[in-house]
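*Asks:* based on what follows, work out the 3D shape:
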Amino acid sequence: MKLGLFGGTFNPVHFGHLRAAQELAELLKLDRIVFIPAATPPHKTPSGIVSFEHRLQMLQLAVAGNDVFSLSDVENRRPGKSYSIDTVRYFRNAGDSGLECFFITGQDAFDAITTWHDWKNLLRLCHFVVMTRPGYENRGLHQILPPDVAGRYVYDAAGDVFQQPHGGSIFFRQTTFLDISSSEVRKRMQQGRSLRYLTPDSVIRYMEANRLYR
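*Replies:* Next up, the predicted model:
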């Protein structure tokens with residue numbers, strides 16, 4: 001079982017999230033991708049973030065009809081900050097011995113990986129899938145990780161992946177770049193401008209019905 005874990009605030013979810021997840025499932029032959037909204041993001045202030053319940057409902061509407069996609073409220077069932085390592089441990093403990101976890105994150109977030117809680121153990125527990133942007137040049141891990149950690153990885157050109165003997169691998173993958181951001185969706189919602197083709201119609205209707213981001 002190859003399980004993709006796609007965390008984020010999803011405030012709100014949009015087509016950039018959905019398209020990237022679909023392509024990564026195909027590129028890495030993932031059996032399932034679980035969208036995991038953060039309850040209390042450790043790197044973001046709560047200002048401007050709508051309730052967890054609203055974000056979960058919008059995700060539910062967005063992934064409906066896609067058999068590869070599912071979602072989890074695990075981070076809302078834990079007290080305190082929503083640390084990624086706790087989420088990965090939850091899925092590893094809940095799965096069978098053959099489960100492989102692929103943690104999906106953006107390039108900017110991975111560049112700051114050394115600021116994450118217990119990040120060294122996180123790199124050992126799961127594979128990382130880093131979504132890159134057009135024009136990104138893969139120059140190795142030494143500019144991101146400390147030398148002692150980067151030195152554990154060996155680049156496999158055939159699989160285009162950085163591997164370490166005792167831990168997860170790191171994949172840098174480019175997906176179709178849709179220049180959409182949650183902040184732009186929120187701004188347009190506040191200004192009463194069209195959101196068509198930025199996020200699913202069901203999500204737009206939900207935001208309008210609940211007067212979100214007004």
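*Asks:* what's the lowest-mean-pLDDT helix or strand in the chain in contact with?
*Replies:* Scoring the helices and strands of the chain by mean pLDDT, DSSP states H and E places helix 107-111 at the bottom, with a mean of 92. For helix 107-111, contacts defined as CB atoms under 8 Å, 6 or more residues apart in numbering pick out 128, 130-133, 136, 144. Backbone N, C-alpha and C define where each C-beta goes, glycine included.
*Asks:* most neighbours of all those, which one?
*Replies:* residue 131 (25 neighbours; other CB atoms under 10 Å).
*Asks:* state the distance from it to residue 188.
*Replies:* 23 Å (CB to CB, to the nearest Å).
*Asks:* so which of the contacts of helix 107-111 sits lowest on pLDDT?
*Replies:* Least confident entry in the contacts of helix 107-111, by pLDDT: residue 136, with 77.
*Asks:* quick one: the strands in the protein?
*Replies:* All strands of the chain, identified by DSSP state E, fall at 2-8, 32-37, 69-71, 100-106, 127-132, 154-156, 161-163, 170-174.
*Asks:* which helices and strands does the fourth one pack with?
*Replies:* When you say that, I think you mean strand 100-106. With contacts taken as 3 or more CB pairs under 8 Å, 6 or more residues apart in numbering; DSSP states H and E, strand 100-106 sits against strand 2-8, helix 15-27, helix 84-94, strand 127-132.
*Asks:* ok so, going back, which of the contacts of helix 107-111 sits closest to residue 9?
*Replies:* residue 131 (15.7 Å; CB to CB).
*Asks:* quick check: beta-bridge partners of that closest one?
*Replies:* residue 106, residue 173 (DSSP bridges).
*Asks:* distance of it from residue 180?
*Replies:* 13 Å.
*Asks:* roughly how far apart are the residue of the chain positioned farthest from its centre and residue 211?
*Replies:* Most distant from the centre of the chain: residue 192, at 28.1 Å, with distances by CA atoms, centre = their mean. Separation of residue 192 from residue 211 (CB to CB) stands at 12 Å.
*Asks:* related to what we said a few turns ago, how about the helices and strands packed on strand 100-106, which one is nearest residue 34?
*Replies:* Nearest of the helices and strands packed on strand 100-106 (CB to CB): strand 2-8, 5.6 Å.
*Asks:* which secondary structure elements does that closest one contact?
*Replies:* Packing contacts for strand 2-8, counted by 3+ CB pairs under 8 Å, 6+ apart, involve helix 15-27, strand 32-37, helix 84-94, strand 100-106.
*Asks:* that strand to strand 100-106, inter-axis angle?
*Replies:* 30 degrees (axes from the mean of the first three to the mean of the last three CA atoms, to 10 degrees).
*Asks:* can you list contacts of strand 2-8?
*Replies:* 17, 21, 24-25, 28-38, 75, 82, 84, 87-88, 91, 95, 99-105, 126, 129.
*Asks:* just the buried residues of those residues.
*Replies:* Buried by 16 or more other CB atoms under 10 Å: 17, 21, 24-25, 28, 30, 33-38, 75, 82, 84, 87-88, 91, 100-105, 126, 129, out of the contacts of strand 2-8.
*Asks:* isn't residue 57 right next to residue 205, touching?
*Replies:* No. Applying CB atoms under 8 Å as the test, residue 57 and residue 205 come out as separate, 11.4 Å apart.
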